[in-house]
Each structure stands twice: as structure tokens, then as C-alpha cells.
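Engineer: Quick one: sequence plus predicted model below, questions after.
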Amino acid sequence: MAKTGDSFEVTLKKTHVGWGTYRKTRTRGLVYNEGYFPIPSKIALSLQITNLHNKKQTNIYKFSTSDGYFKDQYLKASGNTAKGGMYAKNMHGNGDLKLLGAWYKHAGIKAGDKLKIEFTGPFEILLTKI
């Protein structure tokens, strides 16, 4: 489980900042302003960031952004690298895939930009564009 002060950085790709329009599959129509960020597998394992398959801890994280755009909103850790695996590979708005997309747009975040994900508690995150 993450501790206060744990952090990691990711470089966003086009798919992260434009998930609803830049996808490899055509399983649904275009949806603008969706976004998420990846969790490297080593990080997910070391910080115990798990998805819904882990019944011993939540996969919902409270988050804020360092620029104050969001305060006390919620992200969901989801996906996995192997079928049935419990370590998450991304985070997105809990129940709202446009949540991070709104911040990306507000902050001018685009492919190639870096995010710092800092834990302010075991299930609390501060996001910063760096």
C-alpha cells in the first residue's frame, strides 16, 4: 500500500489524453475529452495499486490537482496486464471518463507532457503537471 510521500511520474501519450477519440478499437462511437493516466507495472506492484479483483482494499482514490482545478474528486484504479490480474494499469475518473480530460484541457496537457502522481495518504493522490 502506498505511503504518504510515495510518488511516480509518467509521460502521457496521445491515447491517454484523447482516449475517447484515439483508440485501437471501434467498439463504441467517438467520445471527446476522455482521459486517463498509466500506472507502470513495477509501480503498481511496489505501491500495491490494485483493481477491483483485490477484495482486501479499495481501488478508489481521492485526488486533487496541484493547480486547484480539482479538489477531493475520485479516481478508479483499473485494468490489468493479465486476465484476472489484480494490479491496476491505469487510473481514470470514477464513473466519469471525462474527469481527467477536463483537467488535461484546462491545464493544456498534451501528449509528451509529464505528470507527477504523489500520494498524500494511502488512498489520496495529488496530481501535478511537470
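Structural biologist: All right, it came through fine.
Engineer: Name the helix or strand for the residue nearest the centre of the chain, please.
Structural biologist: Residue closest to the average C-alpha location in the chain (C-alpha atoms, centre = their mean): Met91, at 2.5 Å. Assessed by DSSP states H and E, Met91 sits inside strand 90-93.
Engineer: Tell me which residues are up against that strand.
Structural biologist: Strand 90-93 has contacts (C-beta atoms under 8 Å, 6 or more residues apart in numbering) with 19, 34-39, 61, 73-79, 99-100, 117. For the C-beta atoms, the positions are set from N, CA and C on the backbone; glycine is no exception.
Engineer: Off-centre distance for that strand?
Structural biologist: 3 Å (C-alpha atoms, centre = their mean, to the nearest Å).
Engineer: and that strand, what's its mean pLDDT?
Structural biologist: Strand 90-93 shows a mean pLDDT of 96.
Engineer: strand partners of that strand, parallel vs antiparallel please.
Structural biologist: Sheet partners assigned to strand 90-93 using DSSP bridges are listed as strand 37-38 (antiparallel), strand 73-78 (antiparallel).
Engineer: tell me how far the ends of stretch 77-95 are from each other?
Structural biologist: Stretch 77-95 has an end-to-end distance of 12 Å (criterion: C-alpha to C-alpha, to the nearest Å).
Engineer: Pull out the buried residues from it.
Structural biologist: Buried residues in stretch 77-95, counted by 16 or more other C-beta atoms under 10 Å: 77-80, 85-94.
Engineer: returning to what we had before: only alpha carbons, please: show the strand holding Met91 as PDB.
Structural biologist: Extracted C-alpha coordinates of strand 90-93, given in PDB (Å, rounded to 0.1, in the frame of the first residue of the first chain):
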ATOM      1  CA  ASN A  90      -4.300   2.900 -15.300                       C
ATOM      2  CA  MET A  91      -6.400   5.400 -13.400                       C
ATOM      3  CA  HIS A  92      -9.400   7.400 -14.700                       C
ATOM      4  CA  GLY A  93     -12.300   9.300 -13.200                       C
END
